[in-house]
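[1] Below is the sequence, then the predicted model.
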Amino acid sequence: MWRLTGPTLAKCSPCVDTGPRTLNDLPEKILLHILTFFTTLDAVQTSLISRKWRPLWSRLRFLRFSYEHVPLNNPPSDNRDFFVEFINRALIFRPHHPIDLFSPSFIYHHRFGLHVDSWVRSAVTHLHTRELHLDFFIDREYHQTDESFNHKYDFPFTVLRNGTVVVLKLTRVELTLPENMALGFVIL
């Protein structure tokens, strides 16, 4: 092998390639950057690769949970149960370090109301999220055969009082503002 030494090439004796050979050889910062392109479900699954990867998902600055990426089960209601349980466990096992984004996206049914309340409280009070996106409308195809099409989540607005949320995005969510807070807000 040859290497460049000043303006000339010199033969290595024996030349050692010090570059990364596997993903595990990459610095943690680069591995975390790679994980930013994954959904939270996929990022958590990378913890099975090796010991080095095990804690990485919990250091991400976002938690994006998309129902569309959940493996299909039969009956479909099992998918939502799996999805809800996955979010519950992810929030339990993740250290309480601040995050930039908490974003669950799934088909809401009123039987999941207490779970969603818990997610919102955890994201705002423990994880100090800056952006909170609740999307309970996936796609019309998902909702047409679902009996929960008319179910809407009632957002607990008071949880934001002591939080750090600067961006709040809500889809298919009821928002009831306390009377003393209703003035000064523009409802779109």
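    Here it is on my side, so go on.
[2] Under the pLDDT cut-off, which ranges of the chain? List them.
    For the chain, the stretches flagged by pLDDT under 70 are 1-20, 72-77, 138-150, 178-188.
[3] Can you list the buried residues in the longest helix belonging to the chain?
    Ranked by residue count under DSSP state H, the longest helix found in the chain is helix 77-93. For helix 77-93, the buried set under the neighbour-count rule, 16 or more other C-beta atoms under 10 Å, comprises Asn79, Arg80, Phe83, Val84, Ile87, Ala90, Leu91. Every C-beta, even on glycine, is put in place using the N, C-alpha and C of the backbone.
[4] Nearest to Arg59 among those residues?
    Compare each of those with Arg59 using C-beta to C-beta and the shortest gap goes to Ala90, at 13.1 Å.
[5] Kindly provide the distance from the closest one to Ile30.
    23 Å (C-beta to C-beta, to the nearest Å).
[6] What of Phe38?
    With distances taken as C-beta to C-beta, Phe38 is found 14 Å from Ile30.
[7] Look at those two and report which has more neighbours.
    In this view Phe38 and Ile30 are compared by other C-beta atoms under 10 Å, and Phe38 has more residues nearby, 16 against 12.
[8] who's in contact with the one helix or strand His133 maps to?
    Using DSSP states H and E, the secondary-structure element containing His133 is strand 131-135. Judged by C-beta atoms under 8 Å, 6 or more residues apart in numbering, the contacts made with strand 131-135 from elsewhere in the structure are 100-106, 116, 120, 123-124, 153, 155, 165-173.
[9] same thing but at 6 Å, please
    Leu101, Phe102, Ser103, Ser105, Val165, Val167, Leu168, Lys169, Leu170, Thr171, Val173 (C-beta atoms under 6 Å, 6 or more residues apart in numbering).
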